[in-house]
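Undergrad: just need the structure, nothing else, for what follows:
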Amino acid sequence: MNEQVAVPRIGGWLLLPLAWLIMTLLTTALVMAMYLTPLFNAEWRTTLFSHGSSLLMQWGFSLLTAAAVWLYSLWVCWLFFKRSHRLPRHYVLWLLVTVLLALKTFAFSPVSDAKALQTLLFSLLAAAVFAPYFKRSQRVKATFVQP
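TA: Numbers count the residues shown, from 1 in each chain. Predicted structure coming up:
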């Protein structure tokens, strides 16, 4: 006789890390749209391609970084809904990537220091709360068991 063990559904405190993941996925999609905007505006396109390779390389690197983060976030989201046993490790890695990108924004981006610091603090807070939760929680260990 086959007995199936009931695997807990995604719920409770797990909805907070999922919401953070989805919010980051949507924010990254907006950032990619912002980086792609110069391709559809003739004046911006002329400015982008006429200032030499330095500006174009920075723009391309930023676009590729945003695309990579978006794809990785999408994949981690897929692992989350699949309830894969690989999720806890990849979620913690994803949190560290968001902290590194927030540090990059704080150090190198031409945004106000207050906004960059706010982004950095939110990323650090999320990593400080969710990383230990995903490493030690019995709920996480019981929920993410699928291959």
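Undergrad: neighbours of the residue nearest to Cys77 when sequence neighbours are not counted, how many?
TA: Spatial nearest neighbour of Cys77, excluding adjacent residues (C-beta to C-beta, 6 or more residues apart in numbering): Leu21 at 5.5 Å. All C-beta spots, glycine's among them, are computed from the backbone N, C-alpha and C. Using other C-beta atoms under 10 Å, the number of residues around Leu21 comes to 22.
Undergrad: and for Leu55?
TA: Leu55 has 13 nearby residues by other C-beta under 10 Å.
Undergrad: pull the distance from the lowest-mean-pLDDT helix or strand in the chain to the chain's centre.
TA: Sorting the helices and strands of the chain by mean pLDDT, DSSP states H and E puts helix 42-50 at the bottom, at a mean of 81. Mean-position distance between helix 42-50 and its chain equals 29 Å (C-alpha atoms, centre = their mean, to the nearest Å).
Undergrad: how about stretch 113-126?
TA: Using C-alpha atoms, centre = their mean, the offset of stretch 113-126 from its chain centre is 14 Å.
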